[in-house]
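>>> below is the structure, and that's it, no one-letter string:
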Ligand SMILES: Nc1nc2c(ncn2[C@@H]2O[C@H](COP(=O)(O)OP(=O)(O)OP(=O)(O)O)[C@@H](O)[C@H]2O)c(=O)[nH]1
Ligand SMILES: [Mg+2]
């Protein structure tokens with residue numbers, strides 16, 4: 001899948017592929033954080049997600065790299 005290949009390419013470019021790392025996805029609500037986590041989590045289907053209630057409630061490990069998700073609250 002293009003997005004997954006693209007993301008793995010970024011990890012390789014940053015020298016993080018097959019290294020131990022912790023990556024936090026931060027973004028405004030509706031930015032697509034949970035969708036990206038789901039895409040990386042290959043065995044999950046692309047579905048509509050309910051808004052995430054708690055920052056860093058999503059966590060996923062691929063190899064030695066741990067992905068976490070967090071929400072940045074807007075100022076409006
Ligand atoms: N067009 C487009 N829509 C996307 C993309 N990624 C996610 N979406 C859509 O954007 C909406 C929000 O995606 P989520 O993954 O729930 O966003 P989130 O950042 O987890 O949102 P919160 O949980 O509310 O913080 C959904 O309707 C997704 O289908 C993308 O790359 N392109
Ligand atoms: Mg979410």
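Structure received. Since we're looking at a predicted model, the values are computed, not measured. Ligands and ions are numbered 1, 2, ... in the order given.
>>> can you map out the helices along this structure?
Taking DSSP state H as the criterion, the chain contains helices spanning 2-13, 33-40.
>>> ok, the longest one near ligand 1 or not?
No - using Cβ under 6 Å from any ligand atom as the criterion, no contacts between helix 2-13 and ligand 1 are found, and the smallest distance is 7.6 Å. In short, each C-beta sits where N, CA and C put it, glycine included.
>>> so that helix versus helix 33-40, what angle?
90 degrees (axes from the mean of the first three to the mean of the last three Cα atoms, to 10 degrees).
>>> out of the helices of the chain, which is the most enclosed?
Burial among the helices of the chain, expressed as mean neighbours by mean count of other Cβ atoms under 10 Å, is greatest for helix 33-40, which shows a mean of 19.
>>> pLDDT on it, on average?
When pLDDT is averaged along helix 33-40, the result is 81.
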